[in-house]
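**Student:** Everything below, folded, please.
(chains A and B)
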Amino acid sequence: MRPELLDYVRNLPSSSHVLFLYESEEDKRTVLFTYVQDRIRRGELVSYCVHVGEVQEIEQAMRDFGIDVDLGKREGLLEVFKFNPKIVEATIETPAREILKGIYEAKGRRTMSLISDNSLPAWTPERLLECERSHGRRMEIPLTFICAYPSNEICKIWNGEYVIEMLKTHGHGIFPGIALPLG
Amino acid sequence: MNGTKGKSSDEASELRKALLDAVDDGLLALGESVRNVMYHHVKRKRSLRREEIPERLEAFHEVLDTSLGAGARVIERLVAEKLYSRLDLKFVAHESWTLVNYVDNAKKDNGDGET
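**Tutor:** Have a look, this model is predicted:
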């Protein structure tokens, strides 16, 4: 992975709404764990939402990467949690933007990051797109939201047009060979 | 005269092929799946096939701009760098240039100003 790409990831400004399309599990972990490690070192809170696999599995992968998961958890800087499908229903009643505001408030209004290591089947494309749109290209609160999707899967939806819409809802894009501002 | 014309035609053909290859390489930074989507999207929005991009560069630029926003400039600069490298031209980045400007400049530097 290109060092410039990882530098871009480390230097993402607070409140970024980021679309990360990855082609391999290794690339996904390199990018996401680089970011997690950097933010913990800065003393910022990172919440990592696991859609596929188990929390313990991701935590072990983080340890193998060099992240001090136990220290991060002890100091209240890192939490890894399993995706709850009820969130999909919740977004029907409450805009996703408001849900994240609630999380930010509950965490004591600290600068934080939420990483959504997504699995598409949990959502209908329409609902997911509506949620992404509700955040805007830039988050209203000091919460950086990284939305990670498997590129080959998301590119199949709506004959490719879905990913074009996703590009229009985020402020930054991270791709296999480049990271760039969008919008 | 014919020799000059032949040379000019060869240069135009060389630039055309280099540009198509550079677009392929540049878009590949987005990943293979997204690159395929971009080609499909360009075709859908502007009836523009990959092979027609050199002749309709402005349309290609407009679709990139609409899809990628500020990122279009980054991708276009990447494409331009790859084009200049293929043509053995010195690449100099210009903040305000689009791919259209870079290709026009390459045509001049490549002695292919007529096409």
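**Student:** and for stretch A:91-111, what are the contacting residues?
**Tutor:** Stretch A:91-111 has contacts (CB atoms under 8 Å, 6 or more residues apart in numbering or on different chains) with A:14, A:44-45, A:47, A:87, A:90, A:112, A:114, A:127, A:130-132, A:134-136, A:139-143, A:145. (C-beta placed from N, C-alpha, C; glycine too.)
**Student:** mind checking the end-to-end distance for that stretch?
**Tutor:** End-to-end distance of stretch A:91-111 (CA to CA, to the nearest Å): 23 Å.
**Student:** Same question for stretch A:107-117.
**Tutor:** End-to-end distance of stretch A:107-117 (CA to CA): 20 Å.
**Student:** buried residues in that stretch?
**Tutor:** Across stretch A:107-117, burial judged by 16 or more other CB atoms under 10 Å in any protein chain shown covers A:107, A:111-117.
**Student:** now for those, which pair is the farthest apart?
**Tutor:** Taking CB to CB, the two most distant members of the buried residues of stretch A:107-117 are A:Thr111 and A:Asp117; they sit 20.7 Å apart.
**Student:** Can you pull the phi/psi pair for A:Ala148?
**Tutor:** Main-chain dihedrals, A:Ala148, degrees, to the nearest 10: phi -100, psi 130.
**Student:** so what's the closest residue in space to it that isn't next to it in sequence up against?
**Tutor:** Nearest residue to A:Ala148, sequence neighbours excluded (CB to CB, 6 or more residues apart in numbering or on different chains): A:Phe20, at 4.4 Å. Taking CB under 8 Å, 6+ apart as the criterion, A:Phe20 is in contact with A:28, A:31-32, A:146-149, A:173-174.
**Student:** element containing A:Phe20?
**Tutor:** Using DSSP states H and E, the element containing A:Phe20 is strand A:17-22.
**Student:** in its sheet, what does that strand sit against?
**Tutor:** Partners of strand A:17-22 in the sheet, by DSSP bridges, are strand A:143-150 (parallel), strand A:172-174 (parallel).
**Student:** so how far is whatever helix or strand comes next after the last one from its chain's centroid?
**Tutor:** Sequence-wise, the next helix or strand downstream of strand A:172-174 (DSSP H and E) is strand A:179-181. Offset of strand A:179-181 from its chain centre (CA atoms, centre = their mean, to the nearest Å): 15 Å.
**Student:** Just the residues contacting strand A:179-181, thanks.
**Tutor:** Outside strand A:179-181, the residues that reach it (CB under 8 Å, 6+ apart) are A:4-5, A:8-9, A:171-173, B:68-71, B:74-75.
**Student:** That one - which strands sit beside it in the sheet, and in what orientation?
**Tutor:** In the sheet, strand A:179-181 lines up against strand A:172-174 (antiparallel) (DSSP bridges).
**Student:** Would you mind pulling the contact partners of the strand it pairs with?
**Tutor:** Here strand A:172-174 makes contact (CB under 8 Å, 6+ apart) with A:5, A:8-9, A:12, A:16-21, A:31, A:167, A:179-182, B:30, B:68, B:71.
**Student:** quick one, what contacts residue 56?
**Tutor:** As the question left the chain open, I've gone with chain A. Neighbour list for A:Gln56: empty [criterion: CB under 8 Å, 6+ apart].
**Student:** The chain in question should be chain B.
**Tutor:** B:46, B:48.
**Student:** The one 4 residues further on too?
**Tutor:** By CB under 8 Å, 6+ apart, the contact list for B:Phe60 reads B:23, B:42, B:46, B:48, B:53, B:99.
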